[in-house]
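Visitor: Below is the structure, and that's it, no one-letter string:
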């Protein structure tokens, strides 16, 4: 009994200790903040293209899922599949079940063949790319799309790749009208869209924020049924490797490699506190802690180092004058749920503990996976609060992410899905800075997982302009 009593006391002390760990502190507001204005260069809209959409990297594990989804759901889509191996593309095409829908054509193009990629980009309105790791294979396609005014979406979780794309090709994309949408899967669309919707709902009841106020957004995955994908794991490894290499070679300082605002080069030179609010990349902190606003014990979400930077870029591009603080965590319950759900599948050989890029889980895992998330938005000049619940179906790393990428690509191909003030404005963007929130939300809610549920949906559970417990 004595050991049990001491164990119980230790658990209580640990829990109490976690409640005392503070959240990272924000940078205070300086006196000299002025509204930031972004120049928007209007260009000639896309000319007629042979294809609406091309899937690059079609024969990889995730690429095949994208192809399968488009083949089953798109009746009149003019599209093509692309990769470096014609034999594999032909074999994939013979396996595609399109029913009465249009079959895709084949384009042979290597990820590092600039001439072939230029011809590919000239032939289509949109390219969706699953050909990673993007740090190794992604930049030539980004360059081709930027130069030819072709929209682009990928699954990149490598923020150094994303930053380099901005530095090298943002100006070209702005001139041609090409929208380069990075992180267009589970990393980072659900978090990006959830944050944008929460901020909009808060503004409906609290009004526009004064320049000196700070909007705080807290996201947390509260339920999880999924496992690491090979691509996500590779992105995490590459991120660490790039940071270490960059610091060792003197290309960047340690502080720069951990900069929460590394994806907002437009903010360089602005006084700290005007745009730069968060002092730590995830916003959640590096230690487990209790978040009183979210009401959960948790840890930083495993992809918060990517998602948080994407959300901050979106918020800046959508409203450069707004001070935003963003944090992203994963509850202890969700982490335990994911582990308990995945272990039996791993033991049966349906997935690997540490998958390589291109390796994925069984069909059963892909269909039965999913997650729930909570997003809370508050402002320091108001007592109002908005809480949104997001629900996603399908294994996040593959089934879910492949469908989200497909829908982002289809949205980019549809002029009605673009932001009204961004229809002819290009650049290296994010999903919510390139596309209309309502069109994107409605498209993801209308898309169906194999089990019939909405791919991704959001509900206001507290506050909001439409009242409590209302669908967005």
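Guide: Looks like it arrived, so ask away. Because the structure is predicted, anything quoted here is derived from the model rather than measured. Numbers count the residues shown, from 1 in each chain.

Visitor: May I have the strands that pair with the longest strand along the chain, each with its orientation?
Guide: Criterion DSSP state E: the longest strand present in the chain is strand 214-225. As defined by DSSP bridges, the strand partners of strand 214-225 come to strand 323-331 (parallel), strand 370-379 (antiparallel).

Visitor: Could you check how far the longest one is from the centre of its chain?
Guide: The offset between the C-alpha centroid of strand 370-379 and the centroid of the whole chain comes to 15 Å, using C-alpha atoms, centre = their mean, to the nearest Å.

Visitor: what's the next secondary structure element after that strand?
Guide: With elements assigned by DSSP states H and E, the helix or strand that comes after strand 370-379 is strand 385-393.

Visitor: Same question for the first one.
Guide: Counting by DSSP H and E, the next helix or strand C-terminal to strand 323-331 is helix 332-347.

Visitor: circling back to that earlier point, let me have the strands paired with strand 214-225 in TSV, extended by mean pLDDT.
Guide: Listed next are these as TSV, based on pLDDT from 0 to 100:
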stretch	mean pLDDT
strand 323-331	96
strand 370-379	97
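
Visitor: Out of those, which is the most enclosed?
Guide: Neighbour counts (mean count of other C-beta atoms under 10 Å) averaged over each of those peak at strand 323-331, with a mean of 25. Every C-beta, even on glycine, is put in place using the N, C-alpha and C of the backbone.

Visitor: buried ones in the longest strand of the chain?
Guide: Buried residues in strand 214-225, defined by neighbour count with 16 or more other C-beta atoms under 10 Å: 214, 215, 216, 217, 218, 219, 220, 221, 222, 223, 224, 225.

Visitor: Show me what the first one is bridged to.
Guide: Read it as residue 214. Here residue 214, judged by DSSP bridges, has bridge partners residue 323.

Visitor: any idea how far residue 238 is from residue 208?
Guide: Distance of residue 238 to residue 208, computed by C-beta to C-beta, to the nearest Å: 40 Å.

Visitor: out of those two, which sits in the more crowded spot?
Guide: The neighbour count for residue 238 versus residue 208, taken as other C-beta atoms under 10 Å, is higher for residue 238 (21 against 10).

Visitor: Is that one part of a helix or strand, or is it coil?
Guide: When classified by DSSP: H, G, I helix; E, B strand; the rest coil, residue 238 comes out as helix.

Visitor: pretty sure it contacts residue 158?
Guide: Yes. The criterion here is C-beta atoms under 8 Å, and residue 238 meets it with residue 158 at 5.2 Å.

Visitor: Specify the local secondary structure of residue 23.
Guide: Under three-state DSSP, residue 23 comes out as coil.

Visitor: and it, what is it in contact with?
Guide: 283, 284, 285, 289, 291, 327 (C-beta atoms under 8 Å, 6 or more residues apart in numbering).

Visitor: export the residues you listed to CSV and tack on distance to residue 391 and secondary structure?
Guide: Formatted as CSV, the contacts of residue 23 follow (distance: C-beta to C-beta, whole Å; DSSP: H, G, I helix; E, B strand; the rest coil):
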residue, distance to residue 391, secondary structure
283, 23, coil
284, 21, coil
285, 26, coil
289, 25, strand
291, 20, strand
327, 21, strand
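
Visitor: ok, those vs residue 316, which is closest?
Guide: residue 283 (14.7 Å; C-beta to C-beta).

Visitor: So for stretch 427-441, what gets flagged as buried?
Guide: 427-437, 440-441.

Visitor: Residue 183: which of these is nearest?
Guide: residue 430 (6.8 Å).

Visitor: Run a quick neighbour tally on residue 268.
Guide: 9.

Visitor: same deal with residue 385?
Guide: Neighbours around residue 385, by other C-beta under 10 Å: 18.

Visitor: if I look at it, how far off is residue 328?
Guide: Where residue 328 is concerned, residue 385 sits at a distance of 18 Å (C-beta to C-beta).

Visitor: average pLDDT for stretch 106-121?
Guide: Average pLDDT, stretch 106-121: 97.

Visitor: Return the set of buried residues in that stretch.
Guide: For stretch 106-121, using 16+ other C-beta under 10 Å, the buried residues are 107, 109, 110, 111, 113, 116, 117, 118, 120, 121.

Visitor: farthest pair in those residues?
Guide: That would be 110 and 121, which, of those, are the farthest apart (C-beta to C-beta) at 13.9 Å.

Visitor: what residues are shared contacts of residue 238 and residue 158?
Guide: Counting by C-beta under 8 Å, 6+ apart, the residues touching both residue 238 and residue 158 are 133, 135.

Visitor: can you tell me which residue is nearest the centre of this structure?
Guide: residue 188 (1.3 Å; C-alpha atoms, centre = their mean).

Visitor: shaky segments in the stretch 251-400 of the chain?
Guide: Applying pLDDT under 70 to the stretch 251-400 of the chain flags the ranges 269-273, 358.

Visitor: Now do the SS call for residue 198.
Guide: helix.

Visitor: Find the nearest non-adjacent residue to residue 86, please.
Guide: Closest residue to residue 86 in three dimensions, ignoring its sequence neighbours and counting by C-beta to C-beta, 6 or more residues apart in numbering: residue 108, at 5.0 Å.
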